[in-house]
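Novice: got a sequence here, can you model it:
(2 chains)
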Amino acid sequence: MNIFPENATTYGQEIDNLFYLILTFVAIAFVISVVVLFYPMFRYSEKRNPKAQYITGEKKSHFKWVMYALIMLAMSDFIIMYAEHGTWEKIEEDVPTDGIRVGITGIQWNWVFNYAGKDGKVMTADDIVINEANSELHVPINTNIIMELRARDVVHDVFLPNARTKYDVIPGRTHVKWANFTKVGKYEVVCSQICGVLHSKMRNYIVVDTKEDYDKYMAALYAKQDSANAPKPAAPAIDTTAKADSTKAADKK
Amino acid sequence: MEHGHKQSFASKYLFSTDHKVIGIQYITVGLLMAVIGGFLAYVFRYNLAFPGKDIPLFGQLLPQQYNTFITNHGMIMVFWVGMPILLSGLGNLLIPTMVGTDDMAFPFLNMLSFWIFTLSAIVLIAAFFVPGGAFGGGWTMYPPLSAGGYMNTSPDLLTALFSGTSLMILAVALEFVAMLMGGINFLVTTINKRAKGMTPWRIPLIVWFLDIASVIFMFSCGPLVAGAFMLLLDNIVGTGFFDASRGGDPILWQHLFWFFGHPEVYVLLLPALGVLGEIIPVFSRKPLFAYKTIIYLALASAVLSVVVWAHHQFVSGIDPRMATFFSVGTIIISIPFAGIFLAFMATLWGGSIKFTVPMMFALGFVALFLVGGLTGLFLGSNAFDIYAHDSYFVVAHFHYTLFPDIFFGFFAAFYFWFPKYLGKELNVTLGKIHFWLTTIFFNSTFFLLFFNGLHGQHRRINDYSFFGNVAMEPYSTFEKVATISAICLILSQLVFVLNLFKTLSSGKKAAKNPWNAATLEWVTDTPPIHGNFETFPEVYRGPYEYSVPDAKDDFIPQNVAN
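Specialist: Down below sits the predicted model:
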């Protein structure tokens, strides 16, 4: 039995290692505490020790034992903090600037994926927008995938268990997060923040392709977009706020 | 002091101003709400193990109902079970008797507090019966889901006011009014109405802890009441406090909510720790270890409790650099609480331990909370929290803290003080059976869920067969084990109910001080008369004088002068 689902990103292993590091401290603390709690139940039971000692614990010589334990706990805490800080910085603060940008937008109840159009930018008029249940977002392997995270209606949360990452998406804000996938495969994108009636059905996929497969896939997408656009003018821009407003206005009427 | 005049049934049992009756009323309503909260848990746990199947005693559970049930399970268990039982119930029963006075400082306010609380419970339950049903967006009520028309609200003002969302907000606000009245009473009573000689360092730990909990509650609830009011306005008149498209901010609510919501955890924890502080010395026949230091540690944790809230928001979009600050705050606050638990364990060393039913629940609390506390280390670490946030790891973690806290804390208090306040002896065998069944089934319900969480099982989903990472063995089996155990855990409480009713109808009259405890409530008659004491007691010593060398008995009550 694996503790974690398959890891597919560069930083995923650090999260798993952090778990095992904390587990080590927790296991030691657990064993010591269990001994300190259960040994006296046995040794100082009414039968074995009919007369209790009068110890108030206010003396330094008694309280020092609690102090030692607390200092040990504080030290373990700070070792954990020290060890994890680099991981936190890497995932949350140091978002790379080079890579492929994609848009992931939470709506009730689906993830909408935006690929950059010919202009190379996401969330512009010429984006290729995928808004279907159980849709797939194709990304290349060993490349920084920079995800622009948005929500159109309510708070959602992008959770990629296999990438070991997760971030809330909030209406009115854009969060930029990243991942770099190291394994070809199809991984779930789920919503980890309750978002209404069909929250339980929010599930799409990130498909990690080899670079060649990815190029082929994108070429096909662009070709399809060209043929769809040929007779008609370009599709209108995806203006998330305007859309949210109009649905809300409709609700209020 | 004896209020011996004849009282009608209503004024004696319903609209009583006697603190003991009010305490029992609070606990009774809390337990009735626990039945509802437990039933909701049964329904959605059954649905999780056997998705789509008809649920016995209920039927089909629709997705929206599932959301409603988990939301209200959380709301009820925290605000309508934990708060009334631990804070208001125990506070009302114990504070006046333990500080040696006849009643609360403001008895009428106290009665009002209970009835406003009852009204809040009715409002909460009423939300199930309005069109659209109760609110189903998580007990944290994050807007915009809880505001602005996304969920069973309506353009018409009255309909909006009587929507599930608005009613839940109203119920919370009403409950806070009730708890504020109670908190004022606790503090004024402790400060002004203590018996002669009851100096601050002679006040029993639980009274200290109930008062510290009340102070934390009063300091932290302001922002949430303001937030609730803004949310209500967003719902019924269409303001945009939490609407990004109109200049509001959904994250504002999260700050207001958690600024209250995390201190609330300590509001629930401190009274239960106070229960341990009373029970463990009595059944170890030993003074409470480091009584004064424990109180200082609790005061320190009260201050720290207001700088940890954003650890609920590590991945919500706050500045990532802020997370480190809150991560440090979170691990620092673990230290005073670890100190308090260690002092309880140290009390056992060198004692003469009696394994009575209240003592078993108290020790069970410490053992289970150990798991809850230590798993908190994983979540307090902000980098690992990226992965574990909003997963079943969190669910298992907070059930390992709050279940021992609310239920083991309450049961310990129940088996300990029932003979005093209701005057009858409980059945010991049934009590022990109740303890073992509760402990075993609690663990088998929640322990395996840690593993489901680590394997990527996210929260508040009604059918996990849809998700590849958890729709596999052994995780779907764990899900079923958790459900069957949860049902057994609920059924085990029938032993408690049986014991309660058997004792009430045919229990033996309890002695005045069956446990040989030293605090003042054991000096009163059993059960205490209206007014508590025949003559006001005078206090000569601290609350934990057990096994004092050269003393006649192995305990010296607080009111005995040498």
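
Novice: quick one: the helices in the stretch 101-250 of chain A, in order.
Specialist: Secondary structure of the stretch 101-250 of chain A, counting by DSSP state H, counting those that start in this stretch: helices at A:211-229, A:240-252.

Novice: pick out the shakiest of these, pLDDT-wise.
Specialist: Summarising mean pLDDT across the helices of the stretch 101-250 of chain A, the least confident stretch is helix A:240-252, with a mean of 43.

Novice: and for the closest residue to B:S88 other than its chain neighbours, the neighbour number?
Specialist: The shortest distance from B:S88 to any non-neighbouring residue, by Cβ to Cβ, 6 or more residues apart in numbering or on different chains, is to B:Y26 (4.4 Å). For every residue, glycine as well, the C-beta is placed using N, CA and C. Residue neighbour count, defined by other Cβ atoms under 10 Å in any protein chain shown, stands at 27 for B:Y26.

Novice: pLDDT score assigned to the residue in the stretch 151-300 of chain B that chain A sits nearest to?
Specialist: Across the stretch 151-300 of chain B, the shortest distance to chain A (Cβ to the nearest Cβ) belongs to B:A244, at 2.3 Å. The model reports B:A244 with a pLDDT of 88.

Novice: just checking, it touches A:V155?
Specialist: No. B:A244 sits out of contact with A:V155 when judged by Cβ atoms under 8 Å, with a separation of 10.3 Å.

Novice: so the residue nearest to B:S88, which of the three states?
Specialist: Three states are possible here, and by DSSP: H, G, I helix; E, B strand; the rest coil the one that applies to B:Y26 is helix.

Novice: circling back: tally of neighbours for the residue of the stretch 151-300 of chain B closest to chain A?
Specialist: The number of residues packed near B:A244 is 19, by other Cβ under 10 Å.

Novice: how far away is it from B:P250?
Specialist: Applying Cβ to Cβ, to the nearest Å, one obtains 6 Å for the distance of B:A244 from B:P250.

Novice: so which residue of the stretch 101-250 of chain A comes closest to chain B?
Specialist: Of the residues in the stretch 101-250 of chain A, the one nearest chain B is A:G172, at a distance of 2.3 Å by Cβ to the nearest Cβ.

Novice: give the contact list for the nearest residue to that residue once chain neighbours are set aside.
Specialist: The spatially closest residue to A:G172, leaving aside those adjacent along the chain, is B:A244, at 2.3 Å (Cβ to Cβ, 6+ apart). Under the criterion of Cβ atoms under 8 Å, 6 or more residues apart in numbering or on different chains, the contact list for B:A244 reads A:170-173, A:241, B:144, B:250.

Novice: and these, which are buried?
Specialist: Neighbour counting by 16 or more other Cβ atoms under 10 Å in any protein chain shown classes A:170-173, B:144, B:250 among the contacts of B:A244 as buried.

Novice: doesn't B:G542 belong to a strand?
Specialist: No. For B:G542, which was evaluated using three-state DSSP, the result is coil, with no strand membership.

Novice: secondary structure class for the residue most central in space within chain B?
Specialist: Among the residues of chain B, the one closest to the centroid is B:G82, at 2.5 Å (Cα atoms, centre = their mean). Counting by three-state DSSP, the backbone at B:G82 sits in helix.

Novice: am I right that it is in contact with B:L402?
Specialist: Yes. The pair B:G82 and B:L402 qualifies as a contact (Cβ under 8 Å) at a distance of 7.0 Å.

Novice: which neighbours do these two share?
Specialist: Taking Cβ under 8 Å, 6+ apart as the contact criterion, the common neighbours of B:G82 and B:L402 are B:L268.

Novice: does chain A sit close to the strand or helix carrying B:Y296?
Specialist: In this structure, B:Y296 sits in helix B:291-304 according to DSSP states H and E. Yes. Contact check for helix B:291-304 against chain A, using Cβ under 8 Å from any Cβ of the partner chain: residues in range are B:291-293.

Novice: and which of those residues is nearest A:A179?
Specialist: B:T293 (47.6 Å; Cβ to Cβ).

Novice: distance of the closest one relative to B:V307?
Specialist: Computed as Cβ to Cβ, the B:T293 to B:V307 distance reads 22 Å.

Novice: so where is chain A shaky, pLDDT-wise?
Specialist: Judged by pLDDT under 70, chain A has its weakly predicted residues at A:231-253.

Novice: distance of the residue most central in space within it relative to A:C191?
Specialist: Geometric centre of chain A, nearest residue: A:K166, 1.3 Å, by Cα atoms, centre = their mean. For A:K166, the distance to A:C191 equals 10 Å [Cβ to Cβ].

Novice: shared neighbours of these two, which are they?
Specialist: For the pair A:K166 and A:C191, residues contacting each of them under the criterion Cβ under 8 Å, 6+ apart are A:157-159.

Novice: for these, give me TSV that also has neighbour count.
Specialist: Formatted as TSV, these follow (neighbours: other Cβ atoms under 10 Å in any protein chain shown):
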residue	neighbour count
A:D157	25
A:V158	27
A:F159	27
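
Novice: among these, which are in strands?
Specialist: The strands, defined by DSSP state E, take in A:157-159 from those.

Novice: run through the residues of the stretch 101-250 of chain A sitting next to chain B.
Specialist: Counting by Cβ under 8 Å from any Cβ, the residues of the stretch 101-250 of chain A close to chain B are A:108, A:153-155, A:157, A:159, A:161-162, A:164-168, A:170-173, A:175, A:188, A:190-201, A:203, A:241, A:244-245, A:248.

Novice: if we go to 7 Å?
Specialist: Applying Cβ under 7 Å from any Cβ of the partner chain, we find that the stretch 101-250 of chain A lies next to chain B at A:153-155, A:157, A:159, A:161, A:164-168, A:170-173, A:175, A:188, A:190, A:192-201, A:203, A:241, A:244-245, A:248.

Novice: and the residues you listed, which are buried?
Specialist: Buried members of those, counted by 16+ other Cβ under 10 Å: A:153-155, A:157, A:159, A:161, A:164-168, A:170-173, A:175, A:188, A:190, A:192-201, A:203, A:244, A:248.

Novice: just to revisit the earlier point, need the contact list for the residue nearest to the centre of chain B.
Specialist: Applying Cβ atoms under 7 Å, 6 or more residues apart in numbering or on different chains, we find B:G82 in contact with B:268, B:406.

Novice: who touches residue 170 in this structure?
Specialist: Picking chain A for this. A:151, A:155, B:250-251, B:317.

Novice: let me rephrase: I mean chain B.
Specialist: When the contact criterion is Cβ under 7 Å, 6+ apart, the partners of B:L170 are B:V123.

Novice: I'd guess it is in a helix, am I close?
Specialist: Yes. Secondary structure assignment (three-state DSSP) places B:L170 inside a helix.

Novice: would you confirm that A:S135 contacts A:R203?
Specialist: No. Using Cβ atoms under 7 Å, A:S135 is not in contact with A:R203; the gap is 10.0 Å.

Novice: go ahead and confirm B:L233 touches B:F242.
Specialist: No. In this structure, B:L233 is not within contact of B:F242 by Cβ under 7 Å, at 10.0 Å.

Novice: have a look at these two and say which one is more surrounded.
Specialist: For the pair B:L233 and B:F242, the greater number of neighbours falls to B:F242 (28 against 15), based on other Cβ under 10 Å.
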